[in-house]
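> I need the structure of the sequence given here:
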Amino acid sequence: MVFSAWFFGGTLDWAQAWILAIIGLGGFALRMRSLETGRWDFRPFIPAALWAAFATIACLNPSHALLPGGGWSPREEMVRWLPSTVDTAHTLADAGLWLPALLQGGLIAGILRTRRAANAIWTAIALNGFALAAIGAGFHFAGADKLLGLVEGQEPTYFFATFFYKNHWAAYGALSAAAAFTLAYRAWPAAVGGDPRARGQTLLFGGAGVLTTTTLPLPGSRAGALLALALVVGFVLAMLASWWRTTRATGARSRWMLGALALAITSVLFFGLRAYAPRAGTDLERTRQQVRRSLDGEALDIRIPVSRDTWRMTLERPWFGWGPGCFEIVFPRFQGNYLRGPDGKATARFEAAHNDWLQLTAETGFLGASLLLVPVTIAGWRGWRRSDASGRHGLAACGLIAAYAWIDFPFHNRAILLVWSIMLMSAHRLAPRSSDIRS
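Numbering: from 1, shown residues only. You can find the predicted model right below:
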């Protein structure tokens, strides 16, 4: 999680192999676990094995061949009732996107057993995100035009911290802040009761979460502003509800703590809003222009027609799709009349659909997508049933980013996908409802 975040979201080619190698080190812990129990539990790795098998079959069954002069020609030898791909290289790259997250999720499910270990993981997520936010803010206010002052971004204003795309930082920062808020919320009842250690935890993680959220919209991310608003409002309401329940149950008098918390949050948000104000005007004007175009009969956002055409792409090959990672190759065939020149040729190339779930279905079909979505749904449902209120807050944050993936592509960033899978699989260990979970 730490490596993928600091090494530019894990998007660089050389970093991807290192991420897989680091995850592979978890095999030693898995071996130790098997020595404790006397057996190997292979079930957590079934999704990873099925996904690897799907991608392998697709690579061995290409549906098209690249022509010498450019373009693609259908292959008659393709077996139509098996997964296939338009381009093997793209499929191998996409398999390398999802496989590490599935393996990491399997390791968490197979190894993690104690509340203390889960707390250490979530603490690392929260403080690592805060460190990235602090470093990113420093470079942002210094006017840096490179990531960490070292690496060129795709656009001068589109990066933040180690993330090339501002909305990817928004999603990653939101998950980090949610981890911090979850830890603060878990310590809050004891803090209200007078526990000094819990008060310190509430201050540390609550402050880290609020400070991280203030950086989400800084690079001009409107999605970041909305995610920050949702997280802070949800955190404040949850803390108020918990304070009310705790004081009613124990009779503790802690209005000064509530006032201090409110003052701290208000102060941080005030300075955060002041920092965002110069960019907020530009973002507001962009939104107004989109609304005006919508009233004139145009699409509110280019993502809407792209999603519609991605759905048409899905319906042409509904079972196995066009091949993992092949969206950018196939989509021009389904692209509508938008972003085309007078000659009808596309003036822009879409590398992503800005809708992760539709793109996944278009590339892998309903059967292929189910290899990823069914395990995620089962893990989320089981985690929700086995978690207490604070664990459910963490899972709700995972749900928020999953919903955000309907209008953007956060899961095409390895750092986001890894931290999301870790939080999803470990939330119930962080705050379990069952009394038989070890501390």
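> so what pLDDT did the residue nearest to residue 326 when sequence neighbours are not counted get?
Nearest non-adjacent residue to residue 326, counting by Cβ to Cβ, 6 or more residues apart in numbering: residue 86, 4.4 Å away. C-beta: built from backbone N, CA, C; applies to glycine. Residue 86 is assigned 93 on the pLDDT scale.
> Please report the distance of residue 400 from residue 304.
For residue 400, the distance to residue 304 equals 21 Å [Cβ to Cβ, to the nearest Å].
> for residue 94, same thing?
Counting by Cβ to Cβ - residue 94 and residue 304 are separated by 24 Å.
> Compare those two and say which one has the larger neighbour count.
Shown here are residue 94 and residue 304; by other Cβ atoms under 10 Å, residue 94 has more neighbours (22 against 16).
> And what about that one, helix, strand or coil?
Of the three states, residue 94 takes helix under DSSP: H, G, I helix; E, B strand; the rest coil.
> That one: what's it in contact with?
Counting by Cβ atoms under 8 Å, 6 or more residues apart in numbering, residue 94 touches 55, 324-326, 363.
> and with 6 Å instead?
If you count contacts by Cβ atoms under 6 Å, 6 or more residues apart in numbering, residue 94 has them with 324-325.
> State the pLDDT value of it.
pLDDT for residue 94: 91.
> and the residue nearest to residue 326, how many neighbours?
Using other Cβ under 10 Å, residue 86 has 24 neighbouring residues.
> Give the buried residues for the host helix or strand of residue 308.
Following DSSP states H and E, one finds residue 308 within helix 303-316. Going by neighbour count (16 or more other Cβ atoms under 10 Å), the buried part of helix 303-316 is 303-307, 309-310, 313-314.
> What is the nearest of those to residue 359?
residue 310 (6.1 Å; Cβ to Cβ).
> is it true that that closest one touches residue 360?
No - Residue 310 lies out of contact with residue 360 (Cβ atoms under 6 Å); the separation is 10.0 Å.
> how many neighbours does residue 144 have?
Taking other Cβ under 10 Å as the criterion, the count of residues near residue 144 is 16.
> So it versus residue 4, what's the distance?
Using Cβ to Cβ, we find residue 144 at a distance of 22 Å from residue 4.
> about what we covered before: may I see the buried residues of helix 303-316 organised as CSV, with distance to residue 239 and pLDDT added?
Listed next are the buried residues of helix 303-316 as CSV, based on distance: Cβ to Cβ, whole Å; pLDDT from 0 to 100:
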residue, distance to residue 239, pLDDT
303, 34, 82
304, 37, 87
305, 42, 89
306, 39, 91
307, 36, 91
309, 44, 94
310, 40, 95
313, 45, 95
314, 42, 95
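> now stretch 81-93, how far from the centre of its chain.
Its chain's C-alpha centre and that of stretch 81-93 lie 24 Å apart, by Cα atoms, centre = their mean, to the nearest Å.
> can you pull the buried residues of that stretch?
Under the neighbour-count criterion of 16+ other Cβ under 10 Å, stretch 81-93 has 83-88, 90-92 buried.
> ok, of these, which one's closest to residue 345?
The closest of those to residue 345 turns out to be residue 86 (Cβ to Cβ; 20.1 Å).
> ok so residue 321 is a helix residue?
No - assessed with three-state DSSP, residue 321 is coil; it does not lie in a helix.
> Quick check: closest non-adjacent residue to it.
residue 365 (3.8 Å).
> what is the orientation angle of the host helix or strand of the one you found with helix 303-316?
According to DSSP H and E, residue 365 maps onto helix 356-386. Inter-element angle recorded for helix 356-386 and helix 303-316: 90 degrees (by axes from the mean of the first three to the mean of the last three Cα atoms, to 10 degrees).
> give me every residue that touches residue 206.
Residue 206 makes contacts with residue 184, as judged by Cβ under 6 Å, 6+ apart.
> what's near enough to touch residue 432?
Residues counted as contacts of residue 432 (Cβ under 6 Å, 6+ apart) are residue 386.
> does it have beta-bridge partners, and which?
Beta bridges link residue 432 to residue 387 when assigned by DSSP bridges.
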